[in-house]
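K.L.:
Task: produce atomic coordinates for the following.
(chains A, B and C)
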Amino acid sequence: MGKVYTGFGYWDVGAWILFFAVAAFYILWLRSQGRSDYKKGTAQDEIYWSGNEVPEDGADLTVPASSAYWGFRKALEPFYKGLLGMHTGLPADVVGYYVLTVAVLAVFVLLV
Amino acid sequence: MIGNAPFFVVGVLFLMGLVSLFLSKNLIKIAIAISIIGSAVNIFLVSLGYRAGGTIPVHFLAGEGSTMVLPTPQAMTLTAIVIALATTALLLSLIMLVWRHYGTLDIDEIRRLRG
Amino acid sequence: MNWNEHFPALLLIIPLFGAFLAPVCSLGGKMARNILLVAASFLTLVVAFLLWRSVLANGIQYYVMGGENFRLALPSGMALPVRIILEVDAFSAFMALCGSIAAFAGALFSVNYMNRFSGQSRFTSLYLLLATGMLGMMITGDLFNFFIFIEISSIASFGLIAFWRDKPSAIEASLKYTLVSQVGSMLILIAAGSLYGKYNALNMAAIGSSLTMGTMEKLALVFLVGSLAMKCGAFPMHMWLPDAYAEAPTGVTCLLVAVSQASLYGLMRVCFSIYGVAMGSTFVPWMIIIFGLASMFFGVSMAVVQHDIKRLMGYHSVSQVGYMLLGLGVGLLVLGDARGMADFGFTAIKGGVFHVFNYTMYKALLFLTAGALYYATGKKDLNEMGGLARRMPYTTFMFVIAAAAISGLPPFNGFVSKLLIYESSFAVHPSLAVVALLTSVLTLASFVKVFQTAFLGPEKNNLLHVQEVPPAMLLGMVVLTAAILGATLFPSWTLSNLVEPAARALVDQSGYIGAIVGGGM
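P.N.:
Numbers count the residues shown, from 1 in each chain, chains lettered A, B, ... in the order given. Predicted coordinates:
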């Protein structure tokens, strides 16, 4: 184990593992405080889904991955519009960005 | 000045290849453009190996000259030609498969992977 | 006979021999071929480990091909090393070790993964050829040979990316990579040729010993840096990378991660060992830093919105390469400045080098878990997955470890290398560290998304048949998980034994040059 000195501070994995052990112990303790005397097979045992009936197939109640972070995408719409517009997927663009970058760098390095 | 003529040719050939790489829409022409770039680089390597007054780097039949050129650029060029051959063959076979799957050789149509 | 001296050659011979043995071995059936694939990559790993040990103990090793004596770097009466030289210092040996671990894990994984497909003798052959090209790039001491090995690995990877040639997208990805990579290789060859024309040498050490900056050298530097940055997927030139990584068979993607590290190695070798302090201006270091920042940020912001699992991870590769470029670029910035180097530069290089190790391990593992999901469910789209944690507990466990490591969650190893990079780049300018931190947050966000949509949530009816993947695939993943956990639990051991010698070797330009052209020319 031991410490890793970064020149500005240090990193000690042992302390963190200790922290995780304490946190895990606390979480497990908290969980053990839950009641185990609920009535099985009654309404207490059912999943609560905003008062609606829970669908049979799990596919009907999951949020698909392409809808995740919708708000984030919406808020950064102009940024993503530009970024996705850059990824046209055209082979000529793939080569073009590379040649352009090298050309720009070559011009700059000769000027500097 | 005339000694630099090969390098001028290399530059022109390289730019020709690069320009046709971007201007042509047909994949076969793009493969040709890449071959032209490869040839430009090969000419560059060969002309690097030229030394005025040098003879071939062979022990026998080398002729009168006492100075030999270093054979490294020739060896490099041969290797580069072999590699260019392999990649051209591979590129053409990929183009063949593109034709089979997409039914077109237009480079602008090959963009199912994007975003 | 002392075998230690022959390790550099053996490292290349074993996978190369295996590649050409594969079609013969395939005549003996599936079993023989699989044994060949695993045995060749395992032997390579063993040799890479022994080579690394021997380099740490004895200093830089070199091996002369085609001379009357393999120790004879300089022919008598000549001032320049004209022969084909393999030169292995601690950094090369470190990279070869990382690369061969990934190659071994990928090979183990492919044994089961490729079982359903035909054409496996070609797969085995190309896989080992790709490993040869990668290792060759890492240990060669000759600029033209570097080009040869880059082409060997490129050609093998074109074939492997298009391995499922009945899939249009695989052909398309391979075509794009071929086009951009061919132009890139030609620029590398022009750079090698112009350095040869100027210094009459192709040997990296010999060029480095007599290099003075001029127009031709500047152009050669830009061509090399630009092309190699393209090969490892720096931002404006990264578009081929997610396509290629997503479409290649998963065992290959695992190896492609290591191959991109070989390009990064080449970039660093050119900047630190050939040009080094002769570079003069700070333009190129800043360029590398800016490449790093752009790759980090834009790569991860593209990854957040992806929903194809391997494509998402491909964009993460772009952003992770940015960390290494940032760390090593900061180190390059203060290469000639002894005080800056002692203050933060060496820490940055250590962070960059450690991140190479971490990235190779956890990224390879993430791709393998994505492949395991594909093998088990037949789907690559995250929208169609869900609730797989109950069905595939081991895969889930290893995915969580890799995802935590890549997001830089303490206590995993990704955090340690990122911490070294944050703190040292902060000393250059705070905004560098801010971008790096923001990237880390977004990385975590997108992996939370993957974990939540693929592994958690209710089970879907069309995924009820899913089973845990076969043992050889799990074993491939376990190898990488063990490497991650080892680096996590023993960070100071890893840093002082694995990372620091490599970082020191990278900075030590005169040592690299002196081993070949000895005592100055």
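K.L.:
if I pick residue 95, what's in contact with it?
P.N.:
Chain wasn't specified; assuming chain A. By CB atoms under 8 Å, 6 or more residues apart in numbering or on different chains, the contact set of A:Val95 is B:Leu21, B:Phe22, C:Leu179, C:Val180, C:Val183. Any C-beta I mention is one placed from the backbone N, CA and C, and that applies to glycine too.
K.L.:
my bad, chain C
P.N.:
Neighbouring residues of C:Met95 by CB under 8 Å, 6+ apart: C:Met138, C:Gln261, C:Ala262, C:Tyr265, C:Val356, C:Ala502.
K.L.:
Can you say which helix or strand has the nearest residue to the fourth one once chain neighbours are set aside in it?
P.N.:
Across the structure, with CB to CB, 6 or more residues apart in numbering or on different chains as the measure, the residue nearest C:Tyr265 apart from its sequence neighbours is C:Met95 (4.8 Å). Applying DSSP states H and E as the criterion places C:Met95 in helix C:90-113.
K.L.:
Please save the CA atoms from the following helix or strand past that helix in PDB.
P.N.:
The helix or strand immediately downstream of helix C:90-113 is helix C:120-139, counting by DSSP H and E. Once non-C-alpha atoms are left out, helix C:120-139 reads as follows in PDB (Å, rounded to 0.1, in the frame of the first residue of the first chain):
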ATOM      1  CA  GLN C 120     -11.100 -18.200 -37.900                       C
ATOM      2  CA  SER C 121      -7.700 -19.200 -39.300                       C
ATOM      3  CA  ARG C 122      -7.600 -15.800 -41.000                       C
ATOM      4  CA  PHE C 123      -8.700 -14.200 -37.700                       C
ATOM      5  CA  THR C 124      -5.900 -15.800 -35.800                       C
ATOM      6  CA  SER C 125      -3.300 -14.900 -38.400                       C
ATOM      7  CA  LEU C 126      -4.300 -11.300 -38.500                       C
ATOM      8  CA  TYR C 127      -4.700 -11.000 -34.800                       C
ATOM      9  CA  LEU C 128      -1.200 -12.200 -34.200                       C
ATOM     10  CA  LEU C 129       0.100 -10.000 -37.000                       C
ATOM     11  CA  LEU C 130      -1.600  -7.000 -35.400                       C
ATOM     12  CA  ALA C 131       0.100  -7.800 -32.200                       C
ATOM     13  CA  THR C 132       3.500  -8.100 -34.000                       C
ATOM     14  CA  GLY C 133       3.000  -4.700 -35.600                       C
ATOM     15  CA  MET C 134       2.000  -3.100 -32.300                       C
ATOM     16  CA  LEU C 135       5.000  -4.600 -30.400                       C
ATOM     17  CA  GLY C 136       7.300  -3.700 -33.300                       C
ATOM     18  CA  MET C 137       6.300  -0.100 -33.100                       C
ATOM     19  CA  MET C 138       7.000  -0.100 -29.400                       C
ATOM     20  CA  ILE C 139      10.500  -1.500 -29.500                       C
END
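K.L.:
Tell me the helix or strand right after helix C:120-139.
P.N.:
That would be, after helix C:120-139 and using DSSP H and E, helix C:143-161.
K.L.:
buried stuff in whichever helix or strand comes after that following helix?
P.N.:
Using DSSP H and E, the next helix or strand after helix C:143-161 towards the C-terminus is helix C:168-199. Across helix C:168-199, burial judged by 16 or more other CB atoms under 10 Å in any protein chain shown covers C:168, C:170-199.
K.L.:
Equivalent analysis for stretch C:12-25, please.
P.N.:
For stretch C:12-25, using 16+ other CB under 10 Å, the buried residues are C:Leu12, C:Ile14, C:Pro15, C:Leu16, C:Gly18, C:Ala19, C:Leu21, C:Ala22, C:Cys25.
K.L.:
I'd like the mean pLDDT over it, please.
P.N.:
For stretch C:12-25, the mean per-residue pLDDT is 91.
K.L.:
residues in contact with whichever residue of the stretch 301-450 of chain C sits closest to chain A?
P.N.:
In the stretch 301-450 of chain C, the residue that lies nearest chain A is C:Leu382 (3.5 Å; CB to the nearest CB). For C:Leu382, the contacting residues are A:Pro64, A:Ala65, A:Ser66, C:His307, C:Asp308, C:Ile309, C:Leu312, C:Lys449, C:Val450, C:Thr453, C:Ala454, by CB under 8 Å, 6+ apart.
K.L.:
got it, and A:Trp11?
P.N.:
Counted by CB under 8 Å, 6+ apart, A:Trp11 has contacts A:Lys3, A:Val4, C:Phe415, C:Val416, C:Leu419, C:Pro491.
K.L.:
burial measure for the fifth one, as a count.
P.N.:
In this case it means C:Leu419. 22 (other CB atoms under 10 Å in any protein chain shown).
K.L.:
and what of C:Asn497?
P.N.:
As a burial measure, C:Asn497 scores 13 neighbours (other CB under 10 Å).
K.L.:
swap in the one 4 residues further on?
P.N.:
Other residues near C:Pro501 number 19, with proximity taken as other CB under 10 Å.
K.L.:
Spatially, what comes nearest to it if we skip its sequence neighbours?
P.N.:
Nearest non-adjacent residue to C:Pro501, counting by CB to CB, 6+ apart: C:Ala90, 4.0 Å away.
K.L.:
Identify the residues contacting the one you found.
P.N.:
C:Trp52, C:Val55, C:Leu56, C:Ile60, C:Pro501, C:Ala502, C:Arg504, C:Ala505.
K.L.:
Can you give me the pLDDT of it?
P.N.:
Predicted confidence (pLDDT) for C:Ala90: 92.
K.L.:
since we're on the residue of chain B found nearest chain A, how many residues are nearby?
P.N.:
Ranked by CB to the nearest CB, the top residue of chain B for proximity to chain A is B:Arg114, at 2.8 Å. Using other CB under 10 Å, B:Arg114 has 13 other residues around it.
K.L.:
One more: A:Gly14?
P.N.:
By the criterion of other CB under 10 Å, A:Gly14 has 12 neighbours.
K.L.:
And for the one 10 residues further on?
P.N.:
Around A:Ala24 sit 10 other residues, with neighbours defined as other CB under 10 Å.
K.L.:
Check which element follows whichever helix or strand it is part of along the chain.
P.N.:
A:Ala24 belongs to helix A:13-32 when assigned by DSSP H and E. Downstream of helix A:13-32, the first helix or strand assigned by DSSP H and E is helix A:70-75.
K.L.:
Just the buried positions in that next one, please.
P.N.:
Using 16+ other CB under 10 Å as the test for burial, helix A:70-75 gives A:Arg73.
K.L.:
Output the contacting helices and strands for whichever helix or strand comes after that helix.
P.N.:
Once the chain leaves helix A:70-75, the next helix or strand it forms, by DSSP H and E, is helix A:77-86. Counting contacts by 3 or more CB pairs under 8 Å, 6 or more residues apart in numbering or on different chains; DSSP states H and E, helix A:77-86 is packed against helix C:283-304.
K.L.:
Which members of the contacts of C:Met95 are the farthest-apart pair?
P.N.:
Maximum pairwise distance in the contacts of C:Met95, criterion CB to CB, is 14.3 Å, between C:Ala262 and C:Ala502.
K.L.:
if I look at A:Asp57, how far off is C:Gly457?
P.N.:
Applying CB to CB, to the nearest Å, the value for A:Asp57 to C:Gly457 is 12 Å.
K.L.:
which of these two has more neighbours?
P.N.:
Ranked by neighbour count (other CB under 10 Å), A:Asp57 and C:Gly457 place C:Gly457 first, with 18 against 12.
K.L.:
which residues touch that one?
P.N.:
A:Gly58, A:Thr62, C:Gly386, C:Gly387 are the contacts of C:Gly457 under CB under 8 Å, 6+ apart.
K.L.:
repeat that with 10 Å
P.N.:
Going by CB atoms under 10 Å, 6 or more residues apart in numbering or on different chains, C:Gly457 touches A:Gly58, A:Ala59, A:Leu61, A:Thr62, A:Val63, C:Met385, C:Gly386, C:Gly387, C:Leu388, C:Ala389.
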